[in-house]
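**Q** Got a sequence here, can you model it:
(chains A and B)
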Amino acid sequence: MIVFALGTEEYGVEVEKVRTIERMQPMTRVPKAPEFIKGVINLRGVVIPIIDLRSRFGLETQNYTDATRIIIVSQGDYEVGLIVDSANDVIDLDTDNIDNPPEIVGGIKAKYLDGIARVGGQRLLVLLNLEQVLDRHEIQQLERTED
Amino acid sequence: MELSQYLSMFIDESREHLQAMNENLLSLENNPQDISIVHNIFRSAHTLKGMSATMGFEDIASLTHEMENVLDLVRNHKLAMDSFIFDCIFKSLDSLESMVEDIIQGGTGKADVTQIVASLGSIVTGDYKKSSADAPASTDSNKKEGTKGIEVDEFQYSILQQSIDSGFLVFFIKVSVREDCVLKAARAYMVFDALEQNGEIVKATPSVQDIEQEKFDRTFSVYYISKIDKASLQKEILNVSEIESAEITTVDSESLADMSRKQSEVEAATKEIAAAVAAVAPEASDAPAAKAEPNASAKPAAGGAPVANRTIRVDIERLDALMNLFSELLIDRVRLEQLASEVKRNDLSETVEHMSRVSSDLQNIVLKLRMVPVDSVFNRFPRMIRDLAKSLNKKVDLVITGAETELDRTVIDEIGDPLVHLLRNSVDHGIESINDRLAAGKPEHGTVYLRAFHSGNHVFIEIEEDGRGINREKVLKTALKNGLITQDQAAKLSDTEVYNLLFESGFSTADKISDISGRGVGLDVVKTKIQMLGGHVHVESKPGLGSKFSVQLPLTLSIISAMLVKLGSEKYAIPLSSIVETSAIQRNQVRNIHGNKMIEYRNSVIPLVSLSTLFDVPDFKEDMEDETEIVVVRKGDKQVALMVDEFIGQQEIVLKTLGKYLSGLFAISGATILGDGQVALIIDPNALIK
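**A** Now for the predicted structure:
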């Protein structure tokens, strides 16, 4: 698991799905794209769309800092970058420690989550369901509501 | 040994050798005395045989082996090439090609090549001559027997081999009936019957049908698998009345391979006619042999081995990776240049400058690596034209020029089919039949010119013939009939416009649509394909003098010329191919019609589109300017003016996709990476015009 932070919460995404972690870099805005798509970057010759995860989850946006990272993930045919507040850690997880996602009132929709993992004594890790996060159908629905 | 990793190499090389053999064979056909060409073909065949045997493609190996036998005789002056042999070898090459094709498709490369192997075998034994030379004189039975060799095909061979391996006895039996025998077929049938009681007949020569129809002379032979011994077998056969003799040879695995050939030779020798042929054959080959001598002796001096291509194969994906890495390098270069200008140290600026020059040279080389000579497409055409002319009974020369012209690999892969179509069209419809040509006072041989050449940023491929030209009236009539044009239009159309009607879909001027091509049927497909590649095709024609198809293609698909424009701080690229003109307009030239902004442009009124509004550009609005730069783009005959902030200039850009995640974006067809590493989006003008 790659552990990254969004606000006060910590999230996890499987190592196999992460290609690289990059620092923030100049982006090219893509007009008419959903708002959470911040633009595209040139990653060693490949053009990759960048998603602001805060905006994707409907969290309040924050200014990017030195700690801000882009996690390049690939899920199925998609290869996208996720903007996160910081990328911290790589940890091993025991599947026994993963619970089903609880309903979080006022937080991120549960369907984006695969589960909650307890790490050590104190840390709680939210496991991201990339498939749902990158679901194009939902994006198209979003587009339609915008129109 | 794990062979799959060598498969792609095998396929590439097989194709090369087949191509080489095809070419050499064609040139041998024009110059049959040149034994050095035969040597070349032999070498290719030999390599192919070795490769395919190693890879376990036995059918290919055995067919090439048969071919080699023929070629071996030819190069040793024991046999002279004639049209039968040429056809036969061409046919073999076709089978080999289809087998290799099968392997490419994931098959096992197996095919039934009995027929060809038999013909090749008959060439080796000289039997085929009999059938052609003596056909009028000899009886039916003779002819049939002559063309059939005694070779076993791969399948039968393996049966025999397996039988030997599993302890059965395999015999080659030659049975002769008595001269005074009345019912030869019946006797043969009785022999077969007797044999089948104790074993199995694998192969009969002549074939069983022919024997049943009494299409054999006095002897027939069979491969036979049985458990009974030789003596009792002989007794069984001789029990059938009116059988004169039964020669039985036991076949073991060693002798099995050359057995088939030797036996057929023996058989040939036993025939009276064979003697006559044998006398003729050396004569026939003597003459060319004498003439070929100087050639043959001159060749070794030039070096026995063929000049090896000094090339290596590279996977196209590696080239792409190289390109990508290279764009990385360009980004660093720009950064270095900036730093150097800030630091202002002479040594540094000089070094950076030098690096810039080296890297732009490098860039050119990397781009050129993807270029392939059109030769790789053209080289299959001579053979195609030969076969086509033969089947249409026309005489056609194909003249190829500019085969060394280079095109991007992606274009090369796509351009073959359209060209095949145009060439077929030219031979089928353009070139007249021999009689018509003579009547028109033209030479018997029609000529098709296939030219390729560079011009600016494009490659042109022209296909021109000296045939009858396009019949304007006929084209018009068909177009009217199909409702493509009206009577009024018909009168006004220029010749070129009329000829271009050929490219409309569902159009054919051919009275009868042949299986080769119908002029028009498929030409629309050709046009679509070429347009898909970003090219154009048009046709010129002079009645009675011939027609010319001219295909214009971009050098590459991955690099296009584009106009880079600025909208505030953002940069966009507009493909040059759809730009009509760039200019500037004053604010007061903009009209409002029905709430839409329009401008007058060359005697027409066209819509004015604000790109910045369309793309919600944050830091720029055309409204703030008194004078606006515009780009006029077109789609078909519709035009639209796009307002932009500033022109950056024309540039070659490398096309990149935006990836699956961003597919279906409005008016954006892709992206490119600029020299400074920034991504610029490519505008799709077609989406802006409705």
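**Q** what about B:Ile316, how many residues close to it?
**A** Neighbourhood size, B:Ile316 [other CB atoms under 10 Å in any protein chain shown]: 12. (Glycine included, C-beta is placed from N, CA and C.)
**Q** again with B:Leu233
**A** 22.
**Q** got a list of what it touches?
**A** B:Phe171, B:Ile173, B:Asn198, B:Tyr224, B:Ser226, B:Ala246, B:Ile248 (CB atoms under 8 Å, 6 or more residues apart in numbering or on different chains).
**Q** Pick the one among the residues you listed closest to chain A.
**A** Distances from chain A to the contacts of B:Leu233, taken as CB to the nearest CB, are shortest for B:Tyr224 (61.3 Å).
**Q** Could you report the pLDDT at the residue in chain B positioned nearest to chain A?
**A** Nearest to chain A, among the residues of chain B, is B:Asn324, at 2.7 Å (CB to the nearest CB). Reported pLDDT at B:Asn324 in the predicted model: 74.
**Q** correct me, but it touches A:Arg44?
**A** Yes. With contacts counted by CB atoms under 8 Å, B:Asn324 reaches A:Arg44, the gap being 5.8 Å.
**Q** These two: who's more crowded?
**A** Legend: neighbour count by other CB under 10 Å for B:Asn324 and A:Arg44, higher for B:Asn324 (17 against 13).
**Q** My reading is that that one is in a strand; is that accurate?
**A** No. Counting by DSSP: H, G, I helix; E, B strand; the rest coil, B:Asn324 is not found in a strand; it is helix.
**Q** So A:Ile83 is in contact with A:Gly39, correct?
**A** No. Between A:Ile83 and A:Gly39 there is no contact under CB under 8 Å: 10.3 Å.
**Q** what is in contact with the two at once?
**A** Common neighbours of A:Ile83 and A:Gly39 (CB under 8 Å, 6+ apart) are A:Ile50.
**Q** These two: who's more crowded?
**A** Ranked by neighbour count (other CB under 10 Å), A:Ile83 and A:Gly39 place A:Ile83 first, with 22 against 19.
**Q** how far away is the closest residue to the more buried one other than its chain neighbours from chain B?
**A** Using CB to CB, 6 or more residues apart in numbering or on different chains and skipping the chain neighbours, the partner closest in space to A:Ile83 is A:Asp52 (4.6 Å). Computed as CB to the nearest CB, to the nearest Å, the A:Asp52 to chain B distance reads 14 Å.
**Q** which residues does A:Asp52 contact?
**A** A:Phe36, A:Ile37, A:Lys38, A:Thr61, A:Ile83.
**Q** And the pLDDT at B:Ser663?
**A** At B:Ser663, the model reports a pLDDT of 71.
**Q** ok, it - contacts?
**A** Here B:Ser663 is in contact with no residue (CB under 8 Å, 6+ apart).
**Q** Give the partner strands of the helix or strand where A:Val80 lies in its sheet and their orientations.
**A** Here A:Val80, judged by DSSP states H and E, is contained in strand A:78-84. Strand A:78-84 has its sheet partners listed here by DSSP bridges as strand A:46-52 (parallel), strand A:69-75 (antiparallel).
**Q** Check which element follows it along the chain.
**A** strand A:86-90.
**Q** Which pLDDT value goes with B:Ile461?
**A** B:Ile461 is given a pLDDT of 91.
**Q** And the helix or strand where it lies, what does it pack against?
**A** Per DSSP H and E: B:Ile461 is located in strand B:458-465. If you count contacts as 3 or more CB pairs under 8 Å, 6 or more residues apart in numbering or on different chains; DSSP states H and E, strand B:458-465 packs onto helix B:409-425, strand B:446-455, strand B:546-554.
**Q** mind running it again at 6 Å?
**A** In this structure, strand B:458-465 packs against strand B:446-455, strand B:546-554, with contacts taken as 3 or more CB pairs under 6 Å, 6 or more residues apart in numbering or on different chains; DSSP states H and E.
**Q** Tabulate the strands paired with strand A:78-84 (JSON lines), appending mean pLDDT and distance to B:Gln589.
**A** Conversion of the strands paired with strand A:78-84 to JSON lines gives the following (pLDDT from 0 to 100; distance: least, CB to CB, whole Å):
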{"stretch": "strand A:46-52", "mean pLDDT": "87", "distance to B:Gln589": "37"}
{"stretch": "strand A:69-75", "mean pLDDT": "87", "distance to B:Gln589": "45"}
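**Q** Nearest approach to B:Met598 belongs to which of the ones you listed?
**A** strand A:46-52 (35.3 Å; CB to CB).
**Q** Beyond that closest one, next helix or strand please.
**A** Counting by DSSP H and E, the next helix or strand C-terminal to strand A:46-52 is helix A:53-56.
**Q** Might you calculate how far that following helix sits from the centre of the chain?
**A** In terms of CA atoms, centre = their mean, to the nearest Å, the centre of helix A:53-56 is set 7 Å apart from its chain centre.
**Q** what about dumping the CA coordinates of it to PDB?
**A** Output in PDB follows, covering the C-alpha atoms of helix A:53-56 (Å, rounded to 0.1, in the frame of the first residue of the first chain):
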ATOM      1  CA  LEU A  53      -8.700  14.100  -5.600                       C
ATOM      2  CA  ARG A  54     -10.000  16.700  -3.200                       C
ATOM      3  CA  SER A  55     -12.200  18.100  -5.900                       C
ATOM      4  CA  ARG A  56     -13.200  14.600  -7.100                       C
END
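**Q** And B:Gln115, how far from B:Ser95?
**A** Distance from B:Gln115 to B:Ser95, counting by CB to CB, to the nearest Å: 9 Å.
**Q** Oh, that last question was meant for B:Ala667, not what I typed.
**A** As judged by CB to CB, B:Ala667 and B:Ser95 stand 52 Å apart.
**Q** Ok, A:Ile41 next?
**A** Distance of A:Ile41 to B:Ser95, given as CB to CB: 53 Å.
**Q** higher neighbour count, the two?
**A** Set side by side, A:Ile41 and B:Ser95 show more neighbours around A:Ile41, with 22 against 18, by other CB under 10 Å.
**Q** Please read off the pLDDT at that one from the model.
**A** The per-residue pLDDT reported for A:Ile41 equals 88.
**Q** So what pairs up with it in the strands?
**A** Beta-bridge pairing for A:Ile41 (DSSP bridges): A:Ile48.
**Q** ok and the residue in chain A nearest chain B?
**A** Counting by CB to the nearest CB, chain A gets nearest to chain B through A:Gly45 (2.7 Å).
**Q** list the contacts for that residue?
**A** A:Gly45 makes contact with B:Asn324, B:Ser327 under the criterion CB atoms under 6 Å, 6 or more residues apart in numbering or on different chains.
**Q** Please identify the pairing partners of whichever strand or helix holds B:Val539 and their relative orientation?
**A** Assignment of secondary structure by DSSP H and E places B:Val539 within strand B:536-542. Strand pairing for strand B:536-542, using DSSP bridges, gives strand B:546-554 (antiparallel).
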